[in-house]
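Trainee: I would like to see how this sequence folds:
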Amino acid sequence: MSDAPLPPPSQRRITSTRDKAKMTYLPPDLDVEALIASTPNFKAIPRLDATQLETKESFASLEEFIQKHVIAGGTPLVIENWHMRADWPWYIFTTQWLTENNGTDHINVRDLNGGADVKMTLAHYLKNLPKLANKFTPHDYAGKQQRLYAKDIDCPVVWRDKLQEILPPSTFYLSAQGDLMSSLPEHARAENMMCYFGHEGTYTPAHKEMCASLGQNIMVDASSGSSEPGTSIWFMTQSADRDIIAEYWLSRMGHDIEVEKHFASIDDLQDAPFPVYIHEQRVGDYILVPPLAPHQVWNRGESTLKAAWNRITVDTLELAISEALPKARLVCRNEEYKNRAIIYETLKEYAQILNGEKPAPHMDMGKMRSDFVRLFRLFDKIVLDECFSPELTPPAVEKIENEYNVTCSYCRGNIWNRFLSCKNCVEYVEGEDEDCYDVCMDCYARGRSCFCVSKLDWVEQHDWKIIERDHEEFRQTVMDIQGVSDDNPVVSLSTGLKQLGRKSLARVCQEQLKVRPWCDLNKNGLEDGEEDEETKKREGKSLNCHVCKVRHDSWKCAECSSCTKVYCYGNLWRAFDMDPFDDILCKFAWKCPVCLGVCSCGACRKKGETQPYEPKGTFLGASTKYFADPRSTESLVDFAKGNLGWIRDLDVPAASKRKRASTIGFDYLGMIPDNSFDNGHVPVDPALDTRIAQSPTSLGFTAVNAENGASSADVEGRFLPASTENREEIGSNSFGSVQAHLLIAQQDRMREAAREEEGSDQSRGVLVGGGIEEGGQNGALHSTAGQMGIELHRNSNIFNQTHYPPSIRILRLGMLVTILVLQVRWIIVSVVTSQAHTNLLQRWKRILSPSLRRPAYSNFQ
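Mentor: Residues are numbered from 1 along each chain as shown. Alright, predicted model coming up:
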């Protein structure tokens, strides 16, 4: 967290507009220096000269400065003029060298307008960069021009080796002095040294480096001379301002910075209540990005070629465990860097060095000892949360081999050791291993799981006895380093569990597995009958929420330990900022908002006996159905719902003055290209045999609705099957549809694989005119529907069967709309009448029950 806490809501300078800000493009002739000079909160990034780094002492001083200024201080830094050094290899850092040596490599280029990846060769992309850049002029730069950005391209090995020779070792990728990812086995390391090739108008939205890591980015080549000079404008911030920045993005612009979908306009940044550091990156500029510091980049000119990578240090691991990973888990972002595994493996390596079992590398031994103590504190916290409760019956645990690749099916986070697995929700894909539903303990404690909800099995990847042994050895090493002190004791694992002061994460999962009911997917929820509300109320299985006055199943509510008040987890999360695990389930005695004197419900406000609580920050909701496994559900809290209903607009005139359009980004309808093959834009790559630019909708994939905060653009090229778009939330009668969803998802993948083998051209498109063409005008309609987040099932041939006459296509469309209307009407009628039918059934059961219970042989006695 940042050093300065957020001000109370009544003192904020930020006002919630509740609308999403539009995408605002930067003009090609923007004067960066004049912009910095004319704006009070715009500052130039501090710079150092690389030509002054000649001796080992100068590099050592630079390492100390980076630690103090970038890592600890959280301020960006630029080390410029690397290209002016004598050891700079000009001959390989050129587009010509790339074309000659890697030109035949197939790369995925991101179409920023269409939100899809376009496959082409590297030579074809580099060749067409001038054509792409020339479409942008000072008078026409925000239209339908193609914006093709080659992102996350594997860095050539020659480039990596040369940069390793030139740049400071403590800042380079997988360096033993500065990157703890080097402690992992080679097969477990994340390949994150990438290249970024862009042109005028391409950009990267505001984001933070993954897992609170340190970012490094150097521009190795750019267009110059007669062509438009290539540069990149960086808008950066300080790590200490990340909380107020996140709130500003949410309440002022209507976007969640954790989703990484919005490029903030200059107007919004000028009004920001925090400093913004700006730098125009040129060839030889080496930019160091602090951990958790939001930043965004805009490319200019004909071409820019950059290399970038991330590093893991003890400082970043502390931030990742405490802050970055919980936020990434909420929005289901991949954890590529395996932070917990890095902590464990680094401790084992350092312990061998400190105990004399392994030769010491070229590192400061004093720093290694200090880092070891800090890493042990993190490891101790991780292991304590994996401890089962000694007061409960130890569960059966399956042991599997550790391959560093187990991922949570819900949040996509890396699982280090223990997790829960459902053997009922298994997907079988031909030619692949069975896909069990694995969920991390963090997700399960917060109500995230498969539709079965309970009866999950425990699995671990490390032998627990070995974990206990290693923990004790690490503890002894820490005591050797810092000595035995009563002020800062280093206790054993069993003692630490007793002194934890709360329930461990594993214990909460143990308890919840007993409380939560198992939902059999082989039944539709009605075979065994359902108890009426009166029976559930009488038996304590249904409780009334103090805030929403709605009855919920008892396991979906939190009961106060000091009074009889009951709150549902959804209201506690949205209205009182209470996390289901951190603030409720892990406590031995939980006090409700009434007992704490902060309840903000209508009844308590009228009584005036409490100080109503207002959420500390804006939460727009994190819809995860586009990223989580389609077998997933949220049974305690619907995190897709935000807390805007609990936040008051403090400055209504200001909010009205800055009202934005309710749609995100830009006009999708205006981005569908004309159906012309002679428009001067980038043609199809002739080096590829088939048409390559595939529309997600033509393959049965759905572009995500951007209003839900999860647009298909910039989500690592990942689109979800259409069958998962309308996944139902869990309910008493929804389980019968789960198997249908699983079957549809499996059939979709099999059908997709068969289509790729056949090489059918019907599911492929042609890159022309800045977008994707599919069968002429009808294909454009199909692509438009996909970009607007409208799901069109792949089996519907209304749009892609061009041989039908227009009248037939209109008739088929009308029939489809009629069917949809009838289905919606049937659902509404079913919902309205279901309760009446249930009450009637229960009434007849009570009338007939005496006769039904009478034995058939009673008359013969």
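Trainee: where in the stretch 301-450 of the chain is pLDDT low?
Mentor: 431 (pLDDT under 70).
Trainee: now the helices for it?
Mentor: For the stretch 301-450 of the chain, the helices defined by DSSP state H, counting those that start in this stretch cover 314-319, 325-330, 339-354, 365-385, 441-445.
Trainee: how about those in TSV, adding mean neighbour count and distance to Gln823?
Mentor: All C-beta spots, glycine's among them, are computed from the backbone N, C-alpha and C. Below are the helices of the stretch 301-450 of the chain laid out as TSV (neighbours: other Cβ atoms under 10 Å; distance: least, Cβ to Cβ, whole Å):
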stretch	mean neighbour count	distance to Gln823
helix 314-319	21	48
helix 325-330	19	33
helix 339-354	21	46
helix 365-385	17	45
helix 441-445	25	32
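Trainee: how much space separates Arg282 from Arg311?
Mentor: 23 Å (Cβ to Cβ, to the nearest Å).
Trainee: neighbour count winner among the two?
Mentor: Set side by side, Arg282 and Arg311 show more neighbours around Arg311, with 26 against 17, by other Cβ atoms under 10 Å.
Trainee: who is the more buried one paired with across the strands?
Mentor: Leu214 (DSSP bridges).
Trainee: that one contacts Cys211, correct?
Mentor: No: in this structure, Arg311 is not within contact of Cys211 by Cβ atoms under 8 Å, at 10.9 Å.
Trainee: now the strands for the stretch 101-250 of the chain?
Mentor: All strands of the stretch 101-250 of the chain, identified by DSSP state E, counting those that start in this stretch, fall at 106-111, 116-121, 148-154, 194-198, 203-207, 214-222, 231-236.
Trainee: the last one: partners in the sheet, and parallel or antiparallel?
Mentor: The reference is to strand 231-236. Going by DSSP bridges, the partners of strand 231-236 are strand 276-281 (antiparallel), strand 295-300 (antiparallel).
Trainee: in TSV: those strands, plus mean neighbour count.
Mentor: What follows is these, written out as TSV (neighbours: other Cβ atoms under 10 Å):
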stretch	mean neighbour count
strand 276-281	22
strand 295-300	23
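Trainee: quick revisit: Serialize the helices of the stretch 301-450 of the chain to CSV and add fields for distance to Thr204.
Mentor: Listed next are those as CSV, based on distance: least, Cβ to Cβ, whole Å:
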stretch, distance to Thr204
helix 314-319, 20
helix 325-330, 18
helix 339-354, 23
helix 365-385, 30
helix 441-445, 29
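Trainee: can you tell which of these is closest to Asp579?
Mentor: Nearest to Asp579 among the helices of the stretch 301-450 of the chain is helix 325-330; the distance by Cβ to Cβ comes to 8.5 Å.
Trainee: centre of the chain versus the closest one, how much separation?
Mentor: Computed by Cα atoms, centre = their mean, to the nearest Å, the separation of helix 325-330 from the middle of its chain amounts to 7 Å.
Trainee: who's in contact with Thr231?
Mentor: By Cβ atoms under 8 Å, 6 or more residues apart in numbering, Thr231 lies in contact with 222, 280-282, 299-301, 304.
Trainee: going by distance to Trp826, which of those residues wins?
Mentor: Among the contacts of Thr231, Asn299 lies closest to Trp826 (Cβ to Cβ), at 51.6 Å.
Trainee: who's that closest one bridged to?
Mentor: Ser232.
Trainee: report the contact partners of it.
Mentor: 149, 198-203, 230-232.
Trainee: Ile66: which of those residues is nearest?
Mentor: Nearest to Ile66 among these, with distances taken as Cβ to Cβ, is Ser232, at 21.1 Å.
Trainee: by mean pLDDT, flag the weakest helix or strand of the protein.
Mentor: Ranking every helix and strand in the chain by mean pLDDT, DSSP states H and E puts strand 771-773 at the bottom, with a mean of 32.
Trainee: where's the nearest residue to Thr202 once chain neighbours are set aside relative to Lys587, distance?
Mentor: Counting by Cβ to Cβ, 6 or more residues apart in numbering, Tyr149 is the residue found nearest to Thr202 once chain neighbours are left out, at 4.0 Å. As judged by Cβ to Cβ, Tyr149 and Lys587 stand 47 Å apart.
Trainee: with neighbour numbers in mind, choose between the two.
Mentor: Between Tyr149 and Lys587, counting by other Cβ under 10 Å, Tyr149 is the more crowded of the two (21 against 16).
Trainee: hey, what's the more buried one bridged with?
Mentor: Under the criterion used here (DSSP bridges), Tyr149 is bridged to Arg110.
Trainee: how much space between it and Val297?
Mentor: Applying Cβ to Cβ to Tyr149 and Val297 gives a distance of 10 Å.
Trainee: remind me which residues of the stretch 451-600 of the chain are low pLDDT?
Mentor: Looking at the stretch 451-600 of the chain by pLDDT under 70, you get 523-534, 536-539.
Trainee: hey, where'd the strands end up in it?
Mentor: 457-460, 542-544, 551-553, 557-559, 566-568.
Trainee: of all those strands, which one is nearest Lys503?
Mentor: Taking the strands of the stretch 451-600 of the chain one by one with Cβ to Cβ, strand 557-559 is closest: 13.7 Å.
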